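next comes the sequence, and after it the predicted model I'd like to discuss.
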Amino acid sequence: MIFTRGFVVLALVNLMVMTAYYLLFIVSAPYASEMFRATPSEAGLAAGLILVGCLAGRFVIGGLLHTLGYKRVLFSGLVLYTASLLLYPMAGNLAMFMVVRFLSGLGVGCIGTVTATLIACMVPAHLSGQGIGYFSMSSIVALALGPFFGILLMQHLPFEWIFLFCALFGLISLGIAAMLDHPAIAENPARHSFRIDDFVEFSVMPICGIVALISIGYGCLQAFLSFHAQALGLAHEASLFFLVYAITAFVLRPFAGKIFDRRGPNWVIYPALAVTTLGFLALGLTHSPWLLLFSGVLLGIGIGNFHSTAQATVIKNVSKARIGQATSTFFIFLDLGIGIGPYLLGHAVSRAGYPGLFFMLALLSFLCLPLYHIAHDRKPVPDARRNPD
C-alpha cells in the first residue's frame, strides 16, 4: 500500500515547504535589488545562496538521520526553516539577507532529505517507482503554485507581507508534521569517528552524475527562460511555461512510475533523456507562443520523469541502512547542477545568445544517453533493498 497516513503527511509537508521555497525564489532577487540596491549579480547571489544552504543541509543530515532520529531531524529542519522565514523582514542589510537565505536553504536541505528518505522506507520495494513518483508530484504542484503566488503577491502586497505569507506555510507544515507517527526504522549505532561514507553513498555517484548534468539544464531553464521569452516578445507565454511543464509532469509521473516498477528504469530514462533533448531543441528554435509551450510539454515529459525515476533507481539499489546517504547524495548532485548551471553556461549567452544556450543544453542532454549507458546500464544491478544490510 502506498497512500498510508505517513505518506500523505510527508507529501503535504513537502508541498507546503516547497511552495514557499519556489515563491521565495521569485521574490528574493527583486527584494534584494529594491531594498538593498543590489546589483543583478548580487541579487542573483542572494537568491542562489539558498541552494548552498540546501547542499550543506543534505550533506550533513544524510549521515545523521539514524543517530539523531528521523522525526527529531524533521522538526528541527521545519523550525529552522520557519524561523528563517520570519527573519526575512528583519535583515537590515544585504549581508544579513544572504545569511537568512542560507539558513532557509539549510532547513530545506534537512527537510527534503528526511521526507525523501522516509518515503523510500515506507513504500514497498516493488512499488518504489510509483511511490516516489506520487510523492514527487507534491513538488510539481509546488513548482506551479510558488511562482504563481510570488508574481501575484508582488503586484498587490509589500515584501514584508509576502515573507509572512511564506512563514504561514512553514507554520502549517509544522502542524501537519505533528500528525506523523514515529517511523519504525532501525537506527544505526552512533559512530564517533568521521567517515565520508557516513554522509554520501559512493555506489550511486555515477547515475547521480547524470542527474547533475540534466539539472544544469533545469537550472538554466529557470534562470534564462524569461529573458529568452522577452527577447522574442513572448513574456506572457513565459509565465505559462512552467505551469504547462508542471501539469505535464504531474499527469505523466504515475504512468512512468508504473513502467519503472514493471519494466525497470531503462524504459523510462532513455525516452526521458531523448525527449529532454527534443525539448531544448524546440526551445532554441522557438519563434511562436505555441512552440514555446510545446517545448514546456516536452521538458515536462523529459526532465520531470527523469528526476523521479533516477531517484527511485538510486534508492532501489542500496540497502535500507544506506537509503539516507543515497537520498542525500542524489539531492546534493541535483542541487549542485541547478546551482552551477546558470553560472557555468551563462557566459555563453553573450556569444551564442539564448537560442545557442538551449542548443548547447540539447547537446548536453543527448550526451547523457551514452553516459547513462556507461554509468548504469552496462550490467544489471540487483535490488539492494531486498538485502538486510
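Arrived safely.

only C-alpha atoms for contact and neighbour calcs from this point on.
OK.

was I right to think residue 205 contacts residue 328?
No. Counting by CA atoms under 8 Å, residue 328 is not a contact partner of residue 205; they are 11.1 Å apart.

neighbour-wise, which of these two wins?
Taking other CA atoms under 10 Å, residue 205 and residue 328 do not tie; residue 328 has more neighbours (30 against 18).

C-alpha coordinates for the helix or strand hosting that one, CSV please?
Taking DSSP states H and E as the criterion, residue 328 maps to helix 323-346. Provided in CSV are the C-alpha atoms of helix 323-346 (Å, rounded to 0.1, in the frame of the first residue of the first chain):
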residue,chain,number,x,y,z
ILE,A,323,18.9,5.0,2.0
GLY,A,324,19.6,8.2,3.9
GLN,A,325,23.1,8.5,2.5
ALA,A,326,21.8,7.6,-1.0
THR,A,327,19.0,10.2,-0.9
SER,A,328,21.4,12.8,0.4
THR,A,329,23.8,12.1,-2.4
PHE,A,330,21.1,12.3,-5.0
PHE,A,331,19.9,15.7,-3.9
ILE,A,332,23.5,17.0,-3.5
PHE,A,333,24.1,16.4,-7.2
LEU,A,334,20.6,17.7,-8.1
ASP,A,335,21.2,21.0,-6.2
LEU,A,336,24.7,21.3,-7.4
GLY,A,337,23.6,21.0,-11.1
ILE,A,338,20.8,23.6,-10.6
GLY,A,339,23.1,25.9,-8.7
ILE,A,340,26.2,25.9,-11.0
GLY,A,341,24.4,25.5,-14.3
PRO,A,342,23.5,29.2,-14.8
TYR,A,343,27.0,30.3,-13.8
LEU,A,344,28.8,27.8,-16.0
LEU,A,345,26.8,28.4,-19.1
GLY,A,346,25.6,31.9,-18.5
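
give me the helices and strands touching the helix or strand following it, please.
For helix 323-346, the succeeding helix or strand toward the C-terminus, using DSSP H and E, is helix 349-372. Helix 349-372 sits against helix 205-231, helix 266-285, with contacts defined as 3 or more CA pairs under 8 Å, 6 or more residues apart in numbering; DSSP states H and E.

most tightly packed of these?
Stretch with highest mean neighbour count among the helices and strands packed on helix 349-372: helix 266-285 (a mean of 22; mean count of other CA atoms under 10 Å).

what does that one contact?
For helix 266-285, contacts defined as CA atoms under 8 Å, 6 or more residues apart in numbering pick out 256, 259-260, 291-292, 294-299, 301-303, 305-306, 309-310, 354-359, 361-366, 368-369, 377.

buried residues, the longest helix seen in the chain. List them.
Determined from DSSP state H, the single longest helix within the chain is helix 5-36. Within helix 5-36, the residues that count as buried by 16 or more other CA atoms under 10 Å are 6-33, 36.

and the following helix or strand past that helix with helix 323-346, angle?
On the C-terminal side of helix 5-36, the nearest following helix or strand under DSSP H and E is helix 40-61. Between helix 40-61 and helix 323-346, the angle comes out at 160 degrees (axes from the mean of the first three to the mean of the last three CA atoms, to 10 degrees).

run through who's touching helix 40-61.
In this structure, residues lying in contact with helix 40-61 by CA under 8 Å, 6+ apart are 25, 28-30, 32-33, 94, 97-98, 101-110, 112-113, 199-200, 328-329, 331-332, 335-336, 339.

one more time with 6 Å, if that's ok
Identification of contacts with helix 40-61 by CA atoms under 6 Å, 6 or more residues apart in numbering yields 28-29, 32-33, 98, 101-102, 105-106, 108-110, 199, 328, 332.

these: which two are farthest apart?
The span of the contacts of helix 40-61, defined through CA to CA, is set by 33 and 199 at 36.6 Å.

one step back: in ChimeraX, select just the buried ones from the contacts of helix 266-285.
Buried subset of the contacts of helix 266-285, written as a ChimeraX selection, criterion 16+ other CA under 10 Å:
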select :256,259,260,291,292,294,295,296,297,298,299,301,302,303,305,306,309,310,354,355,356,357,358,359,361,362,364,365,366,368,369
